[in-house]
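Peer 1: I need the structure of the sequence given here:
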Amino acid sequence: MNPSGPDRSPLNAGPFGPEFTTAVGGILLVNGPAPQANQALVAGLRHARLVIRHCSAQEALAQVDRGDWDVVVLDAQIAFDDAVALAAAIRARYPAAVLPIVMLGAPTAGSDRQRAFDAGASDWINDPTDIADIGRRLSTLAELRRLRRKSAIEHTRFGAELSSRSLRLNGLIETCIAMSMSRDRNDLLQQLLSEGRHLLNCDGGTMYMVTEQETLRFEMRTRNDELPAMQIPLHDAATGQPNENYVSVYTALHNRSVRIDDVYTETRFDLSGTRAFDEASGYRTVSMLTVPIAPRGGAPIGVLQFMNAIDPFTGAVIPFDPEAGALVEALAAQAAVALDNMELVDAQKLLTESLIRVLATTIDAKSPHTGRHCERVPELALRLAQAACDAADGPLQHFAFRSEREWEEFRIGAWLHDCGKVTTPEFVIDKATKLDVLYNRIHEVRMRFEVMHRDLDIERLRAQLAGTWNDAQDAAHHAALARLKQEFEFVARCNVGDETMEADALAALARIGAQRWTRHFDDRLGLSAAELAARTSEPAQALPCTEPLLADRATDIVKRPDDEQLDPAFGFRMEVPEHLYNRGELYNLSVRSGTLTREERYKINEHMVHTVMMLERLPFPKHLRRVPEYASTHHERMDGQGYPRQLGPELLSVPSRIMAVADIFEALTASDRPYKKPKPVSEALGVMQRMAGAHIDADIFNLFLSAGVYLEYAHKYLGPEQIDVTDPTPFYAPTRHG
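Peer 2: Next comes the predicted model:
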């Protein structure tokens, strides 16, 4: 109803009594062709304290649309057809539940009344009639309309409340799911604070976290202003008593929510800080709710504090709804569980990476020959991987690690790339000379030369005592001593392994080794039971006896156990030597290049076999499933001739190729290998340039140069004297792209 339209009569008691004083909001009486005929009716109804406005039929539709009428009365005493048509027009716009229509007509046949009801009339009143009866009937219709309207409003409000609760519950479920899936602590806390504020429909919120020092630290708030640096102690520093005068501390200590309806009348807690903030900022805090962040049955790890709940219909500040508060408690409990799980996962991740680093550093510490290889290769590989990810063009432009989990996977693979070396014996890793096993057996060989030298001297002295020594013998004696010295020096040079053994050197070594020396003592004394058992098939020799200067004995052969065979399930493609070891002196000294025999070289390479078997048997989680691949392929080659599986380029991923480049450059330039001198950068890059294409990936190697990774690494780990390259252009390798 238009509030400026309806007339309101004085509040005096009418003839119909007080029951009609508030029943009707407004009645519109539409006059017939003789409006003066309705004057008495209008006056009577107004006297009964009913709100009445009357208008002509021509104004009726406009007045109906303009006002909020309780009942429309149509005068149909003269122009009945016009009144029926007007009723139909009004009903077309407003249903009977919204606007009742009463036809005021002369006593007539039932067919006219039926026409009126068919047109939309709600009631028919014969005129003339009793004013009191008309008042009661109009009041009844108006009351029915009011009840229907109230019911509709309540239904709407109930629907809105039901919808709001449903939205709250759905929001709670979705937020809980999102929090359980979150991998970022800050994002999870932001979700908790934001959704808590949304569920409570409040003006703002603050989050505190419990510290290890037993204080509450301001963690975040919904406002953008700077967080206070102060922390609230949970206990008084002087007395040790609980600091319960602060509501947030009380919640943290007792794991209990606290609701405050009016901050300015609250006496249980010290809210002077809140009031001071209000005074300084002009903000007015009224209601407050604090909720613990704690898993079910666990101690709180933080506190949520919300201010000023807002009525969604009026916008006024109201006390916090207990039901919504219970939802926030559930949300906070779920967040605490998610945080606890996140911290547990982070702790496990940290522990895992720490154990991996411990394993890698243990391998490095196992032998001075490996130095800090297992530490430096991952850093170099990560630098090169970042350069590959940053490549905007070229063959690597589409490569990228797209998440922290992929970086973690590669990082762990790099740290574990030599984990199989825990199975490699130190005497093989540390074999700096050809005769080295657990010690350098060159000393045994030298003593044999010493014995032969002494035998020559004894022979000379005996001849001199017998008087048979002559100048020719003396010359031959000195020549023999010189030859012995030269032969030992030759054997000693062969033992070092700095030079490649050619055919003539091998022949000379065999000739020298064939010389015999005399042994006078039993060589079975002082042996272990295992050593004696190994010589049971060897007949004992009568003493004194002669033996080759360089011996290859049957006992030097260590047979390969049956369980040392390669497991075909892993797809290894390596030629396995017949014997586990061959420690024969002549056999070892005859190694053409380096210090390792075929068996020992295999034992070194076998660390990749154990790396594969160790890692592929581990139950890595899904996001780490490629760790075994990254750790075990850095000795594969682009031409498919590498080990342990002879994988070709189609099976070598970019991270695997990166690992190969990093491993080789570190090995070539390492300065802490006692068995070799470190190569300068120019020499190392020259070697790798020759390896590019067949051995290592040329694109990765060229990126290694162009991105300056080699130089960054060199400045950090190499000696200044090794860094002799600043322009890598001469070292670029040809590729299939250019």
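
Peer 1: can you show me the helices along the stretch 501-650 of the chain?
Peer 2: Assigned by DSSP state H, counting those that start in this stretch, the helices in the stretch 501-650 of the chain fall at 503-514, 529-534, 585-589, 598-616, 627-632.

Peer 1: out of these, which gets nearest to residue 102?
Peer 2: Of all the helices of the stretch 501-650 of the chain, it is helix 627-632 that lies closest to residue 102, at 86.3 Å by C-beta to C-beta. (Each C-beta comes from the backbone N, C-alpha and C, glycine too.)

Peer 1: so which elements touch the following helix or strand past that closest one?
Peer 2: Next helix or strand after helix 627-632 toward the C-terminus (DSSP states H and E): helix 654-669. Contacts defined by 3 or more C-beta pairs under 8 Å, 6 or more residues apart in numbering; DSSP states H and E place helix 654-669 against helix 373-390, helix 404-415, helix 627-632, helix 681-691, helix 698-706, helix 709-717.

Peer 1: now the nearest residue to residue 547 once chain neighbours are set aside: how far from residue 484?
Peer 2: Leaving aside its sequence neighbours, residue 547 sits nearest to residue 519 (C-beta to C-beta, 6 or more residues apart in numbering; 5.6 Å). Separation of residue 519 from residue 484 (C-beta to C-beta, to the nearest Å) stands at 17 Å.

Peer 1: residue 359: what's it in contact with?
Peer 2: Going by C-beta atoms under 8 Å, 6 or more residues apart in numbering, residue 359 touches 415, 416, 419, 422.

Peer 1: now list the buried members of those residues.
Peer 2: 415, 416, 419 (16 or more other C-beta atoms under 10 Å).

Peer 1: tell me the one of those nearest residue 651?
Peer 2: The nearest one, if we look at the buried ones among the contacts of residue 359 relative to residue 651 and count by C-beta to C-beta, is residue 416, at 19.5 Å.

Peer 1: how about the closest one, what does it touch?
Peer 2: Contacts of residue 416 (C-beta under 8 Å, 6+ apart): 356, 359, 360, 611, 615, 627, 631.

Peer 1: gap between it and residue 604?
Peer 2: Distance from residue 416 to residue 604, by C-beta to C-beta: 18 Å.

Peer 1: same thing with residue 436?
Peer 2: Counting by C-beta to C-beta, the gap from residue 436 to residue 604 is 14 Å.

Peer 1: looking at these two, which one has more neighbours?
Peer 2: Between residue 436 and residue 604, residue 436 has the larger neighbour count (other C-beta atoms under 10 Å), namely 19 against 15.

Peer 1: the more buried one pairs with what?
Peer 2: Note on residue 436: beta-bridge partners by DSSP bridges are residue 440.

Peer 1: got any ranges where this structure has weak pLDDT?
Peer 2: Where the chain drops to pLDDT under 70, the residues are 1-25, 37, 109, 155-182, 367-371, 673-676, 737-738.

Peer 1: tell me, what residue is most central in it?
Peer 2: What sits nearest the mean C-alpha location of the chain, by C-alpha atoms, centre = their mean, is residue 183, with 4.9 Å.

Peer 1: go ahead and confirm that residue touches residue 342.
Peer 2: Yes: when contacts are counted by C-beta atoms under 8 Å, residue 183 is listed as touching residue 342 (7.2 Å).

Peer 1: most distant residue from the middle of this structure?
Peer 2: residue 467 (93.2 Å).

Peer 1: quick one on the thing from earlier: tell me the contacts of the residue nearest to the centre of the chain?
Peer 2: Applying C-beta under 8 Å, 6+ apart, the residues contacting residue 183 are residue 342.

Peer 1: gap between it and residue 144?
Peer 2: Counting by C-beta to C-beta, the gap from residue 183 to residue 144 is 61 Å.

Peer 1: again with residue 660
Peer 2: In terms of C-beta to C-beta, residue 660 sits 89 Å off from residue 144.

Peer 1: so for these two, which residue has more residues nearby?
Peer 2: Between residue 660 and residue 144, counted using other C-beta under 10 Å, residue 660 has the larger neighbour count: 25 against 16.

Peer 1: which non-adjacent residue is nearest that one?
Peer 2: residue 634 (4.6 Å).

Peer 1: list the contacts for residue 72?
Peer 2: With C-beta under 8 Å, 6+ apart, residue 72 has these contacts: 27, 28, 30, 60, 64, 90, 99, 100, 101, 102.
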